[in-house]
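In: when you get a sec, could you give me coordinates for this:
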Amino acid sequence: MELTQAIVPKTSIGGITIGENISDVQARLSGRYKTEPSAHFLTIENGLITAYHDADGIISALSCNVDFKGNFEKRLWPGMTVADVLKHSKEQVAWSGFVQIDQISGIGLSLPEELDDFDALTDHLDLDFVFNELWVYTF
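Out: Prediction:
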């Protein structure tokens, strides 16, 4: 399996899909990519993509770091700054630890742990703050 640059809200990152079995994903990637399994997640290429799974091995969420070069509709990608987010969206909300834009559910930029709410994104973050992770989820 070759990883892609596709990001699909509520569905996938890099061709890895929520709902897949982690064992199947690891088998497809073995030999091509460095994978590091853990009890509840599989890290691919040092965090390029991380697949989070339940006890049965079913993937429930995915994240990618700044080394991932894909984007969602040229509006969201890992490594965006606050200025980028403001430029590429009309509305930003804090939801469940993520910045969601323009009411698009199932995709978000990971907020710092201490920040779980804001009226405006710039209330607590400078324009040059970098969002290091982008997540795709179904919750």
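In: use CA for all of it now, contacts and neighbours both
Out: Noted.
In: flag every buried residue along stretch 59-77.
Out: For stretch 59-77, burial by neighbour count (16 or more other Cα atoms under 10 Å) applies to 59-66, 68, 70-71, 76-77.
In: and that stretch, what's its mean pLDDT?
Out: The average pLDDT within stretch 59-77 is 98.
In: got it, and stretch 10-21?
Out: The average pLDDT within stretch 10-21 is 98.
In: centre of the chain to it, how far?
Out: How far stretch 10-21 lies from its chain's middle: 11 Å, per Cα atoms, centre = their mean, to the nearest Å.
In: cool, stretch 18-37 as well?
Out: With Cα atoms, centre = their mean, you get 17 Å for stretch 18-37.
In: export it to PDB, keeping only CA atoms.
Out: C-alpha atoms of stretch 18-37 as PDB (Å, rounded to 0.1, in the frame of the first residue of the first chain):
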ATOM      1  CA  ILE A  18     -11.800   4.800  10.100                       C
ATOM      2  CA  GLY A  19     -13.500   1.500  10.700                       C
ATOM      3  CA  GLU A  20     -10.600  -0.600   9.300                       C
ATOM      4  CA  ASN A  21      -8.800  -3.200  11.400                       C
ATOM      5  CA  ILE A  22      -5.400  -2.000  12.500                       C
ATOM      6  CA  SER A  23      -3.900  -5.400  11.700                       C
ATOM      7  CA  ASP A  24      -4.900  -5.100   8.100                       C
ATOM      8  CA  VAL A  25      -3.500  -1.600   7.900                       C
ATOM      9  CA  GLN A  26      -0.200  -2.700   9.400                       C
ATOM     10  CA  ALA A  27       0.000  -5.700   7.100                       C
ATOM     11  CA  ARG A  28      -0.500  -3.500   4.000                       C
ATOM     12  CA  LEU A  29       2.100  -1.000   5.200                       C
ATOM     13  CA  SER A  30       4.800  -3.500   6.300                       C
ATOM     14  CA  GLY A  31       8.000  -3.400   4.300                       C
ATOM     15  CA  ARG A  32       7.200   0.100   2.900                       C
ATOM     16  CA  TYR A  33       6.800   2.200   6.000                       C
ATOM     17  CA  LYS A  34       8.100   2.200   9.500                       C
ATOM     18  CA  THR A  35       5.300   1.300  11.900                       C
ATOM     19  CA  GLU A  36       5.300   1.300  15.700                       C
ATOM     20  CA  PRO A  37       2.400  -0.500  17.300                       C
END
